[in-house]
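# Take a look and give me a structure for this.
(2 chains)
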Number of protein chains: 2
Amino acid sequence: MNKHALVAAIKEKKSYLCVGLDTDITRLPKHLQSSPNAVVKFNKAIIDATKDACVSYKINTAFYEAQGLKGWEAMQETLHYIPRTHFTIADAKRGDIGNTSAQYAKTFFETLPFDAITVAPYMGEDSIRPFLEYENKVTIVLGLTSNKGAENFELQKLYGGKPLYEEILTTVASWGTPDNLMFVVGATQAKSFLHIRQIIPDHFLLVPGIGAQGGSLKEVSHFGLNSDGGLLVNASRAIIYASSGEDFADAAQKIALNYHEEMRPFL
Amino acid sequence: MNKHALVAAIKEKKSYLCVGLDTDITRLPKHLQSSPNAVVKFNKAIIDATKDACVSYKINTAFYEAQGLKGWEAMQETLHYIPRTHFTIADAKRGDIGNTSAQYAKTFFETLPFDAITVAPYMGEDSIRPFLEYENKVTIVLGLTSNKGAENFELQKLYGGKPLYEEILTTVASWGTPDNLMFVVGATQAKSFLHIRQIIPDHFLLVPGIGAQGGSLKEVSHFGLNSDGGLLVNASRAIIYASSGEDFADAAQKIALNYHEEMRPFL
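Down below sits the predicted model:
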């Protein structure tokens, strides 16, 4: 699914919700924990329960890698289970010198056929270019993240007076188009959205930090939406761990539908 | 192997060479390409041929991930084949919000028991802390990298006048100790080593960019060594692809021994 199909899905469904599959094997409901394929079973039930409310799924690669081979197998199986009507994101935050980034692009655009991957900008242009070379794929570069550590470097002022993350938005935007580039902007920084929309009015923003991290969906929607929708608001823990009992999928559905209802009037 | 054992190995062997296993399946010698376990066979031959000349191996995770499940299996098998007398680095350049970084730390310190991992600093303190919490493991944070893209952001001047990478060295150094923290500093920036040694005199520097990327071993050694050694100079392509024929291991050994001979007088 490319960006244009994503825009169409958002408009049709009146949802810009992304469900984050940060599936931690130690946090699965007890009745699943002894199952040999517990993570996949859990993910499939979450996908079945939430797919009507969302337009995208984001797989956080760390939680799968931590389980080694079995984890990669679970990631693969989960990705293939996601309906093609949904935009799939590898939340992998990769980035390296050119020939290595090309291998990461191959990993997450070919070996695992995701629609998009998150990428770290620190190493600059040649670390991002190999991702942008894929047609109909989207590279989502870290801008201003939702964690406390964003203060350490992302918000540092550069010589000219603007913060580093702004320089990154401006510079990286010049390497691609709003069709093949998006940016991560955390919901905990909702006040910055007005300003960010002046810098990159047309790009999609992937917005983590709603729910468990405390960001406000209303504020983000108010300041962040554009004529394409332009937002993918992600919730992970708030949805997938809504209940730790046998009713986990129903509980996840309820939260996802709540988000959807909150989003509907904005579109 | 922890940092103290690494220092002892460097002093005993008079080598600070790290061999980078960036094993690209499309670049293997022809006679191996049809073998079912070609990457592992290649890596084992390279390790056997180079282990006397080097003190460390760095596995570039991208090249293994690109092969999917088989690649992770090959990474695992390669890691377990590396002698315990050598310092093992997962060149993974990970980094995310705290609970996700904790999963990456688990991946590369437990599931795959590497001695060290490379980490990207953009997201700040809580993205790095989970790695530092492991005893006898080493976190290697990107400082000034060897690629052209280093100009885009790493070398940008901050408000106070110093470049971003310096701020990162200083700030990150305050979160750990020279026992659990090292930094990546590219060899193509050899002139910066004198200055970097004023900022972080005691930390080890992992130095890529020798060989294929054109950095000078002499310059790096002259400006970068400290009383612990304090350098791990990495060569990947220059060693592992020294020959594309059946003599690839002999050719790799020859190049590795050359590096070792160049290093010996400096210690």
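# Next, please give the residue ranges for the strands of the stretch 51-200 of chain A.
Using DSSP state E, counting those that start in this stretch, the strands of the stretch 51-200 of chain A run over A:56-60, A:87-94, A:116-119, A:138-144, A:181-185.
# I'd like the distance from the longest helix anywhere in chain A to the chain centre, please.
Of all the segments assigned as helix in chain A under DSSP state H, the longest by residue count is helix A:248-263. Averaging C-alpha positions (CA atoms, centre = their mean, to the nearest Å) puts helix A:248-263 18 Å from its chain's average.
# For it, which residues meet the burial criterion?
For helix A:248-263, the neighbour count (16 or more other CB atoms under 10 Å in any protein chain shown) marks A:248-249, A:251-260, A:262-263 as buried. C-beta here means a position set from N, CA and C on the backbone, and glycine is covered the same way.
# can you map out the helices along the stretch 101-250 of chain A?
A:125-132, A:164-173, A:193-199, A:217-224, A:237-240, A:248-263 (DSSP state H, counting those that start in this stretch).
# what residue ranges in the stretch 151-267 of chain A are flagged as low confidence?
A:212-214 (pLDDT under 70).
# Would you mind listing what in it touches chain B?
By the rule CB under 8 Å from any CB of the partner chain, the part of the stretch 151-267 of chain A lying against chain B is A:151-154, A:156-159, A:161, A:164, A:167-168, A:171, A:208, A:213.
# In CSV: the strands of the stretch 51-200 of chain A, plus mean neighbour count.
Listed next are the strands of the stretch 51-200 of chain A as CSV, based on neighbours: other CB atoms under 10 Å in any protein chain shown:
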stretch, mean neighbour count
strand A:56-60, 26
strand A:87-94, 26
strand A:116-119, 27
strand A:138-144, 26
strand A:181-185, 26
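# now these in a markdown table, with distance to A:His4?
Shown next, in a markdown table, are the strands of the stretch 51-200 of chain A (distance: least, CB to CB, whole Å):
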| stretch | distance to A:His4 |
| --- | --- |
| strand A:56-60 | 14 |
| strand A:87-94 | 11 |
| strand A:116-119 | 13 |
| strand A:138-144 | 11 |
| strand A:181-185 | 13 |
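# Tell me which of those strands lies nearest to B:His203.
When the strands of the stretch 51-200 of chain A are compared by CB to CB, strand A:87-94 sits nearest B:His203, at 24.0 Å.
# With the flanking residues excluded, which residue is spatially nearest to A:Val138?
A:Ala116 (3.8 Å; CB to CB, 6 or more residues apart in numbering or on different chains).
# and the gap between the one you found and A:Leu232?
Distance, A:Ala116 to A:Leu232, using CB to CB, to the nearest Å: 9 Å.
# where do the contact lists of these two overlap?
A:Phe87, A:Ile89, A:Met182 (CB atoms under 8 Å, 6 or more residues apart in numbering or on different chains).
# follow-up on the earlier one: tell me which of the strands of the stretch 51-200 of chain A lies nearest to B:Cys54.
Closest of the strands of the stretch 51-200 of chain A to B:Cys54 is strand A:87-94, at 26.4 Å (criterion: CB to CB).
# next one: that closest one to chain centre, how far?
Centre-to-centre, strand A:87-94 and its host chain are 6 Å apart (CA atoms, centre = their mean).
# cool, stretch A:173-183 as well?
Between the centre of stretch A:173-183 and the centre of its chain there are 16 Å (CA atoms, centre = their mean).
# With stretch A:167-178 instead?
Centroid separation for stretch A:167-178 versus its chain: 18 Å, with CA atoms, centre = their mean.
# And that stretch, what's buried?
Residues of stretch A:167-178 classed as buried: A:Glu167, A:Ile168, A:Leu169, A:Thr171, A:Val172, A:Ala173, A:Trp175, A:Gly176, A:Pro178 (neighbour count, 16+ other CB under 10 Å).
# Would you convert these into TSV that also reports distance to A:Ile97?
Formatted as TSV, the buried residues of stretch A:167-178 follow (distance: CB to CB, whole Å):
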residue	distance to A:Ile97
A:Glu167	21
A:Ile168	18
A:Leu169	22
A:Thr171	18
A:Val172	17
A:Ala173	22
A:Trp175	16
A:Gly176	19
A:Pro178	26
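# can you pull the contacts of A:Phe204?
With CB under 8 Å, 6+ apart, A:Phe204 has these contacts: A:Lys3, A:Leu6, A:Val138, A:Pro178, A:Met182, A:Phe183, A:Asp228, A:Gly229, A:Gly230, A:Leu231, A:Leu232.
# Next one: A:Thr85, what pLDDT does it get?
Note for A:Thr85: predicted pLDDT of 98.
# which one is it nearest to, not counting chain neighbours?
A:Thr85's closest residue in space is A:Ala9 (CB to CB, 6+ apart), at 6.5 Å.
# can you count the residues close to the one you found?
Number of residues near A:Ala9 (other CB atoms under 10 Å in any protein chain shown) recorded here: 19.
# who touches the helix or strand hosting it?
In the assignment (DSSP states H and E), A:Ala9 maps to helix A:3-13. Outside helix A:3-13, the residues within contact range by CB under 8 Å, 6+ apart are A:1, A:16, A:55-56, A:85-87, A:115, A:138, A:178-180, A:204, A:228-229, A:232, A:267.
# what's the angle from that helix to strand A:138-144?
Interaxial angle, helix A:3-13 versus strand A:138-144 (axes from the mean of the first three to the mean of the last three CA atoms, to 10 degrees): 80 degrees.
# ok, and for the helix or strand following helix A:3-13, which residues are buried?
Proceeding N to C from helix A:3-13, the next assigned helix or strand is strand A:17-21, under DSSP H and E. Using 16+ other CB under 10 Å as the test for burial, strand A:17-21 gives A:Leu17, A:Cys18, A:Val19, A:Gly20, A:Leu21.
# Name every strand pairing with strand A:17-21 and say which way it goes.
Here strand A:17-21 is paired, per DSSP bridges, with strand A:56-60 (parallel), strand A:231-235 (parallel).
# so how far is chain B from A:Ala252?
18 Å (CB to the nearest CB, to the nearest Å).
# hang on, isn't the residue nearest to A:Val138 packed against A:Tyr134?
No. With contact defined as CB atoms under 8 Å, A:Ala116 does not count as touching A:Tyr134 (10.1 Å).
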